[in-house]
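Undergrad: Predicted structure and sequence below. I'll ask about it afterward.
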Amino acid sequence: MNFSSFEAFDNLNTEVIILDGDNSNLLWMNEAAKAAHWTDDSSKLGGKKISSLLNKETKYQIDQILQKNKKGFWISYKKRF
């Protein structure tokens, strides 16, 4: 996948994390997400799931949000942990 189209998101202060819609694998994150210590290098995200970066409680919450989103409950979520 060509991630150069996501580079416009690097200028945002908001953390942007792009996931594979089928299985929640991490594809890309912007500089704000890296600065917030989600991970250092988005080129090393291949195959990792978002849950691999989260503690148990947060993982459960994010999994619930993603499952609802897949079922058509379109929601917006802001990280508050």
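TA: Good, I have the coordinates.
Undergrad: now the strands for this protein?
TA: For the chain, the strands defined by DSSP state E occupy 17-19, 26-29.
Undergrad: Indicate which one of the ones you listed is closest to Leu66.
TA: Leu66 sits nearest to strand 17-19 of all the strands of the chain, at 7.7 Å, using C-beta to C-beta. No exception for glycine: its C-beta is placed from N, CA and C like everyone else's.
Undergrad: What lies in contact with that closest one?
TA: The contact list for strand 17-19 (C-beta atoms under 8 Å, 6 or more residues apart in numbering) reads 6, 25-30, 33, 38, 50, 66.
Undergrad: Correct me if wrong: Ile50 contacts Leu26.
TA: Yes: at 5.8 Å, Ile50 and Leu26 qualify as touching, with contact defined as C-beta atoms under 8 Å.
Undergrad: Compare those two and say which one has the larger neighbour count.
TA: The neighbour count for Ile50 versus Leu26, taken as other C-beta atoms under 10 Å, is higher for Leu26 (23 against 20).
Undergrad: What mean pLDDT does the longest helix seen in the chain get?
TA: Longest helix in the chain, counting residues (DSSP state H): helix 56-70. Helix 56-70 carries an average pLDDT of 84.
Undergrad: Give the burial count for the closest residue to Thr39 other than its chain neighbours, as a bare number.
TA: Leaving aside its sequence neighbours, Thr39 sits nearest to Leu53 (C-beta to C-beta, 6 or more residues apart in numbering; 6.3 Å). Per other C-beta under 10 Å, the neighbour tally for Leu53 reads 18.
Undergrad: what sits against Leu53?
TA: Here Leu53 is in contact with 26, 38-39 (C-beta under 8 Å, 6+ apart).
Undergrad: Please report the distance of it from Ala8.
TA: Distance, Leu53 to Ala8, using C-beta to C-beta, to the nearest Å: 23 Å.
Undergrad: Could you do Thr58 as well?
TA: 28 Å.
Undergrad: So these two - more neighbours on which side?
TA: Neighbour count, other C-beta under 10 Å: between Thr58 and Ala8, Thr58 has more, with 15 against 10.
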